[in-house]
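J.: just the structure for this:
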Amino acid sequence: MKKTFAALVAVTIAAGPALADLVVPNLSYRTGPFAAGGIPYADGFNDYFTLLNERDGGIGGEKIQVPECETAYNTEKGVECYESTKGKGALVYNPLSTGITYQLIPKVTQDRIPLYTPGYGRTSAANGKVFEWVFNYPANYWDGASVAVKYMLEQEGSLEGKKVTLIYHNSAYGKEPIRTLEELSKKHGFKLTQLPVDSPGQEQKSQWLQVRRDKPDYVVFWGWGVMNSVAIQEAANIKFPMDHFIGNWWAGSENDVKPAGKGANGYKALAFHGVGTDYPIYGDLKKYVYDAGKASGAGDQIGSVVYSRGMYAALVIAEAIRKAQEMAGTPTITPVQLRDGFEALEITDARMEELGLKGFGQAFAATCADHGGPGGAMIQQWDATAGKWTILTDFIAPDKEVLDPLIAEDSAAYAKEAGITERCN
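T.: The predicted structure follows:
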């Protein structure tokens, strides 16, 4: 099979410029109150595929098209973008929205198109026995909530009798960690208080007045977009200890902390990948993308946390495409063949080093049953003086003893509702 694939690639390259047969739509949002996160993610996503096109001639000799469709982080618009692009050869979708993801899961299942939702979306889609077309490795929301609690345990020794407040975006996204934190509060004996913030999150004074009254030991934060910078500023205003304020990985970007200036110093957030530009891949990006005038957007997000995350998502999709090409014996694959590539994908530490991102993310290997990956996350902390994030920990493994039964329960309920028979038997 490998010899056949190599021969096909050689013929494709020898024949001249390849047709852009690999279509990966970018359901982006560069407008609205969530643009602070949407812009860098879209830029990183685009720039990685541009790098592959300019440096390597694409993937397997096939150029990649990345058509953008603006969703404004609006679920209805996101579905419209999906419907308007799926007939143009779309191989996979990565909508960067939990709300859009929930609406697309039944659609991609019917249309047989993979949905890749790294670090967001429906957590129980990690169960490949039920969610055949959805992949959310290397980590999901419930992993993140568990890692935050594990980190607090490491700091305190015990959480018995402690108070933890969850401030969350009042949406499907923000509600994702609640069940996990409720179960973990029972296991570890801490009191959990939940404070929702209505979208877009610009008004949070009442929530932070309650934090000031309650004096929790920790605040766990599930925010996005403009909500993040407002929360960090409000926390600084009431002088909440920033080193006991832990955001999830969507509340840990430069755009979130810089508006608060020195007040954000010490703020912590989860991270499922490395930070900064001290990776060899950035040398290639500079040569083939930035210096060539091909950077996405304004080119001002390079190396930021969420830019790196968009780049990472593109990398995983590209590796799944390579795997699918290898398995199918052809560089021009279908969505169904790409799904097979996602399910057979293994990204080792050695492969990450080959890609110029040594130590950037966790190694993982997907299976029919496991679409979720290892789920580890690190803790990063903002240094306002240096103006950068510092990684404080190694990858912390989530509490699978608590999470696995929750995933099984939730996915089983979905399977019953949707009339899905479990596979992988």
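J.: output the below-cut-off pLDDT ranges for the chain.
T.: 1-20 (pLDDT under 70).
J.: list the contacts of Ile59.
T.: Counting by Cβ atoms under 8 Å, 6 or more residues apart in numbering, Ile59 touches 22, 52, 318, 321-322, 325, 331. The way it works is simple: take the backbone N, C-alpha and C, and place the C-beta from them, glycine included.
J.: buried ones in stretch 262-282?
T.: By neighbour count on 16 or more other Cβ atoms under 10 Å, the buried set for stretch 262-282 is 263-265, 267-275, 279, 281-282.
J.: and the two most separated of the residues you listed?
T.: Greatest spatial distance among those (Cβ to Cβ): Gly263 and Ile281, at 33.3 Å.
J.: and for Arg30, the neighbour number?
T.: 15 (other Cβ atoms under 10 Å).
J.: you'd agree it is up against Ala42?
T.: Yes: contact criterion Cβ atoms under 8 Å: Arg30 and Ala42 qualify, at 6.5 Å.
J.: which neighbours do those two have in common?
T.: Common contact partners of Arg30 and Ala42 (Cβ under 8 Å, 6+ apart): Gly297.
J.: just the buried residues of stretch 262-282 now: which is nearest Ala369?
T.: Using Cβ to Cβ, Phe272 comes nearest to Ala369 of the buried residues of stretch 262-282, at 20.9 Å.
J.: what sits against the closest one?
T.: 118-119, 138-139, 144, 249, 361-362, 376-378.
J.: mind running it again at 6 Å?
T.: Neighbouring residues of Phe272 by Cβ atoms under 6 Å, 6 or more residues apart in numbering: 119, 139, 249, 377.
J.: return stretch 367-378 as PDB; C-alpha atoms alone will do.
T.: Extracted C-alpha coordinates of stretch 367-378, given in PDB (Å, rounded to 0.1, in the frame of the first residue of the first chain):
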ATOM      1  CA  THR A 367      -9.100   4.000  18.100                       C
ATOM      2  CA  CYS A 368     -12.600   3.100  17.100                       C
ATOM      3  CA  ALA A 369     -13.700   3.600  20.600                       C
ATOM      4  CA  ASP A 370     -11.400   6.400  21.600                       C
ATOM      5  CA  HIS A 371     -11.900   9.700  19.800                       C
ATOM      6  CA  GLY A 372     -10.900  11.800  22.800                       C
ATOM      7  CA  GLY A 373      -7.200  11.200  23.400                       C
ATOM      8  CA  PRO A 374      -5.300  11.400  26.700                       C
ATOM      9  CA  GLY A 375      -6.900  14.500  28.000                       C
ATOM     10  CA  GLY A 376      -4.000  16.000  29.800                       C
ATOM     11  CA  ALA A 377      -3.500  19.700  30.300                       C
ATOM     12  CA  MET A 378      -0.900  22.000  31.800                       C
END
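J.: residues in contact with it?
T.: 126, 128-129, 135-140, 143-144, 147, 270-272, 362, 364, 391, 393, 395-398, 424.
J.: equivalent analysis for stretch 281-288, please.
T.: By Cβ under 6 Å, 6+ apart, the surrounding residues in contact with stretch 281-288 are 51, 54-55, 356-357.
J.: list the buried residues in that stretch.
T.: 281-282, 284-285, 288.
J.: so which of these are in helices?
T.: The helices, defined by DSSP state H, take in 281-282, 284-285 from these.
J.: need the residues that contact stretch 239-249.
T.: Contacts of stretch 239-249 (Cβ under 6 Å, 6+ apart): 119, 144, 148, 218-222, 235, 266-272.
J.: and with 7 Å instead?
T.: Contacts with stretch 239-249, where a contact means Cβ atoms under 7 Å, 6 or more residues apart in numbering, come from 119, 144, 148, 211, 217-223, 228, 235, 264-272, 377.
J.: same question, stretch 179-188
T.: Contacts for stretch 179-188 (Cβ under 7 Å, 6+ apart): 142, 145-146, 149, 153, 159-160, 166, 191-192, 402-403, 406.
J.: C-alpha coordinates for that stretch, PDB please?
T.: Once non-C-alpha atoms are left out, stretch 179-188 reads as follows in PDB (Å, rounded to 0.1, in the frame of the first residue of the first chain):
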ATOM      1  CA  ARG A 179     -21.600  18.000  35.700                       C
ATOM      2  CA  THR A 180     -17.900  17.100  36.100                       C
ATOM      3  CA  LEU A 181     -17.300  19.700  38.800                       C
ATOM      4  CA  GLU A 182     -20.400  18.500  40.700                       C
ATOM      5  CA  GLU A 183     -19.100  15.000  40.700                       C
ATOM      6  CA  LEU A 184     -15.600  16.100  41.700                       C
ATOM      7  CA  SER A 185     -17.100  18.200  44.500                       C
ATOM      8  CA  LYS A 186     -18.700  15.100  45.900                       C
ATOM      9  CA  LYS A 187     -15.500  13.200  45.700                       C
ATOM     10  CA  HIS A 188     -13.200  15.800  47.200                       C
END
